[in-house]
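Novice: Sequence below, structure please.
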Amino acid sequence: VLRFSGAAGGPLKLRSALQHIEVVLAPLLACARPRARRPNLLVCVQPLFAGLGGLLAGRLFRIPYVVLVHGEELALLHDDRLLFGLRRRLQARVLAGAAAVVCNSRNTLLLASKLYGIPDTRLQLIYPSIPTAERASLGDTLAGLDSSARVILMAGRLDERHKGFDTAIEALPAIVRAMPEARLVIAGPGDPAALIERARELGVADRVLFTGVIERSALNALFERCELFVLPGREVDGAAEGFGIVFLEAARAGKPVVAGRTGGAPEAVIDGETGLLVDGRSPAAVAEAVLRLLGDRALAQRLGRCGRDRVRREFDGRRQHREFDRLIQTLVGHTPLTREGQ
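Specialist: Model prediction:
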């Protein structure tokens, strides 16, 4: 079994175009080996462009391929009109030709079925997993932040509007009025200019810290340092959080989560048990949930403890590895494809 990624940068950059070509060619080159050395199955971690390589290899060499989907790409490209919808049509063909489409949440599975017509017999639900422990080293990431600050953490790509960075900033005035020591720390790549300007307009610019891109160990330390994690996702132009591994990372650190009630987030965060689900479009709802957790340490600790126990029990990789191994053995052995529990 060979696994191919498809990560690359923006669609108009030469480097990105070369990466796309390389990713498409990689499975073809692997399958062009002598028959005894060819893989029996290709695993493509994205429909585009890794899955396109799998589709071509499957057509030329009759080798089956599996595609992993994460939710956002299904909705974003479904209404894509660039180049007459070329990417949308390519993605649809990749998904239609796959021996199995592995979805990271039930919400993603429903999108694949509804938007692309993938039959249930080829849809597989396998939740993500994370390491149960990772190195944490904060360094000077929070330099200048008072040690008494009550840190509310967010993390993700700033250009992904559905994650709700703007909603959290709009909720901040109400939060700091009730809890003056509260500080919002936002970690992740992207241009923060628009968010900084909005915080300035609301008079809370001095209560927000943007770390930019940081090392994994520093992000782990931020999860340890914060009191709660917030990502009030909502649907924007059809896109929503596919699942939200960051919710698991917060839970691993024993921290409660405030998440938007949309996409796959309700599968990552159990409302009232590991966190609080809110309307991600409402700054008032976000502020209310954050203040509830900051004001009730016993509740916050209970939710954090339950979240950590759930990660260790359900998302440590053992179940996921077992389910994926079963899928691979099924496809390679040509036995009927069923979901676990059926």
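Novice: Now the element after the lowest-mean-pLDDT helix or strand in the chain, going C-ward?
Specialist: Least confident helix or strand, the chain: strand 2-4 with a mean of 51, by mean pLDDT, DSSP states H and E. Later in the chain than strand 2-4, the nearest helix or strand by DSSP states H and E is helix 14-31.
Novice: Give the rounded mean pLDDT of that next one.
Specialist: Across helix 14-31, pLDDT averages out at 79.
Novice: what's that helix packed up against?
Specialist: Here helix 14-31 touches strand 2-4, strand 42-44, helix 52-61, going by 3 or more CB pairs under 8 Å, 6 or more residues apart in numbering; DSSP states H and E. All C-beta spots, glycine's among them, are computed from the backbone N, C-alpha and C.
Novice: Which positions in stretch 174-191 come out as buried?
Specialist: Residues 174, 175, 176, 179, 182, 183, 184, 185, 186, 187, 188, 190 are the ones in stretch 174-191 that count as buried (16 or more other CB atoms under 10 Å).
Novice: Hmm, the second one is touching residue 292, no?
Specialist: No. At 10.9 Å, residue 175 does not count as touching residue 292 under the criterion of CB atoms under 8 Å.
Novice: According to the record, where do the domains of this structure fall?
Specialist: Per automatic domain parsing, the structural domains of the chain span 2-129+317-333, 150-314.
Novice: tell me the most buried of those domains?
Specialist: Comparing those by mean neighbour count (mean count of other CB atoms under 10 Å), domain 150-314 ranks first with a mean of 20.
Novice: how far does that domain stretch from start to finish?
Specialist: Using CA to CA, to the nearest Å, one end of domain 150-314 lies 30 Å from the other.
Novice: State the mean pLDDT of it.
Specialist: Averaged across domain 150-314, the pLDDT comes to 97.
Novice: try stretch 319-334
Specialist: 90.
Novice: do stretch 93-103 as well
Specialist: The pLDDT scores in stretch 93-103 average 98.
Novice: can you pull out the strands in this protein?
Specialist: For the chain, applying DSSP state E gives strands covering 2-4, 42-44, 65-69, 100-103, 123-125, 150-155, 182-187, 208-212, 228-231, 257-260, 275-278.
Novice: Can you say which of those is nearest to residue 167?
Specialist: strand 257-260 (8.2 Å; CB to CB).
Novice: And the contacts of that closest one?
Specialist: With contact meaning CB atoms under 8 Å, 6 or more residues apart in numbering, strand 257-260 is reached by 164, 228-234, 240-241, 244, 247, 250-251, 265-266, 268-269, 274-280, 286, 289-290, 293, 303, 307.
Novice: what are the pairing partners of it, and which direction each?
Specialist: Under the criterion DSSP bridges, strand 257-260 sits next to strand 228-231 (parallel), strand 275-278 (parallel) in its sheet.
Novice: Distance across stretch 210-224, terminal residue to terminal residue?
Specialist: Across its full length, stretch 210-224 reaches 17 Å between end residues, using CA to CA.
Novice: mind checking how far it is from the chain centre?
Specialist: Averaged C-alpha coordinates place stretch 210-224 at 17 Å from its chain's average position (CA atoms, centre = their mean, to the nearest Å).
Novice: For the strands paired with strand 257-260, give me CSV that also has distance to residue 332.
Specialist: Below are the strands paired with strand 257-260 laid out as CSV (distance: least, CB to CB, whole Å):
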stretch, distance to residue 332
strand 228-231, 38
strand 275-278, 39
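Novice: For the stretch 201-342 of the chain, which segments count as helices?
Specialist: For the stretch 201-342 of the chain, applying DSSP state H, counting those that start in this stretch gives helices covering 216-225, 245-252, 265-268, 283-295, 297-314, 318-333.
Novice: Tell me what angle the fourth one forms with helix 297-314.
Specialist: On the basis of axes from the mean of the first three to the mean of the last three CA atoms, to 10 degrees, helix 283-295 is oriented at 100 degrees to helix 297-314.
Novice: can you check the first one too?
Specialist: Here helix 216-225 runs at 140 degrees with respect to helix 297-314, directions being taken by the same axes, to 10 degrees.
Novice: Identify the residues contacting helix 216-225?
Specialist: 134-139, 141-142, 151, 153, 155, 185, 187, 211, 214, 229, 249-250, 252-253, 255.
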